[in-house]
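Sequence plus the predicted model coming up.
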Amino acid sequence: MDFLTHSLLPLPEVRDFQHRLSAPNLHWRDGRLTAGDQAALVKNNYQLDPNAELTIAITNCISSALTSDPLIKSFSLVRRVHSLLVSRCSVGDCYGWHVDNPFSRHGRRDLSFTCFLSDEGTYEGGSLMIQTGGEETKQFRLPPGQIVLYPSSTLHCVTPVLSGVRYVCVGWIESYVKSPDDRSMLFNIDAGARGLLARHGRSDELDLIFQSYTNAIRRLSS
């Protein structure tokens, strides 16, 4: 399983961020300032000043939620969450097909994520498109407070916003396990073992599965 969508933030918290993002005096910067040379050619959006109080509030909230959520921890094996940005796309803004740089000065980029902050009915367009292989793509346009995580190695884009304004928080996760295939295998083992534990309770056999799972992480981690 390469992708995970999940409800991350409670709606009242998102509503507060929405209200604060609508303030007229916020300092929005050209999104190309944080893009690599190739990505900058297809990037057309704006990002909130990383030192702004609101940016820090949103990114701290999302970072904390990511590192404490059991499902996300199992899926991504989080070592660190880093390089978070608050992004705005207005009418005509988009981000063409690109792949994320493998590193930032804060860490390796194994998983990318987008946390949606706008209500779906307040804008049109602005879908996150992710190439899954060949010409197949997955499309994501999620309710406020929901997040999608996906391998940073994939080609992806944001389609043009046709009306309204799209607000999201994007960022990256450095995982203890580099390989998406290895993370997927470990996630399935953990999910299966936890399901058996919930259904049948602890057993000696299940202890062996959890032991093997833990030692597999130890062997595959980098």
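Done, it's in. Residues are numbered from 1 along each chain as shown.

Can you pull the domain assignment for this protein?
4-175, 180-220 (automatic domain parsing).

Quick check on residue 153: phi, psi?
Phi and psi for residue 153, reported as degrees, to the nearest 10, are phi -80, psi -10.

again with residue 91
According to degrees, to the nearest 10, residue 91 has phi -60, psi 130.

check contacts around it.
Shown in contact with residue 91 (Cβ atoms under 8 Å, 6 or more residues apart in numbering): 161, 162, 163, 164. Where you see a C-beta, it was placed from the backbone N, CA and C, and this is true even at glycine.

I figured the last one was touching residue 123, is that so?
Yes - judged on Cβ atoms under 8 Å, residue 164 makes contact with residue 123 at a distance of 3.1 Å.

which stretches of this protein form helices?
For the chain, the helices defined by DSSP state H cover 11-21, 37-40, 53-68, 70-76, 180-200, 204-220.

hey, C-alpha coordinates of the first one in CSV?
Yep, that's helix 11-21 we're talking about. What follows is helix 11-21, C-alpha atoms only, in CSV (Å, rounded to 0.1, in the frame of the first residue of the first chain):
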residue,chain,number,x,y,z
LEU,A,11,-12.7,20.2,12.4
PRO,A,12,-12.8,22.9,15.1
GLU,A,13,-9.1,23.3,14.8
VAL,A,14,-9.3,23.5,11.0
ARG,A,15,-12.1,26.1,11.2
ASP,A,16,-9.8,28.3,13.4
PHE,A,17,-7.0,28.0,10.8
GLN,A,18,-9.4,28.8,8.0
HIS,A,19,-10.6,32.0,9.7
ARG,A,20,-7.0,33.1,10.3
LEU,A,21,-5.9,32.2,6.7
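
List the contacts of it.
48, 54, 57-58, 61, 86, 88, 117-119, 144-145, 167.

Turn the contacts of residue 91 into TSV, columns for neighbour count.
Below are the contacts of residue 91 laid out as TSV (neighbours: other Cβ atoms under 10 Å):
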residue	neighbour count
161	23
162	11
163	11
164	17
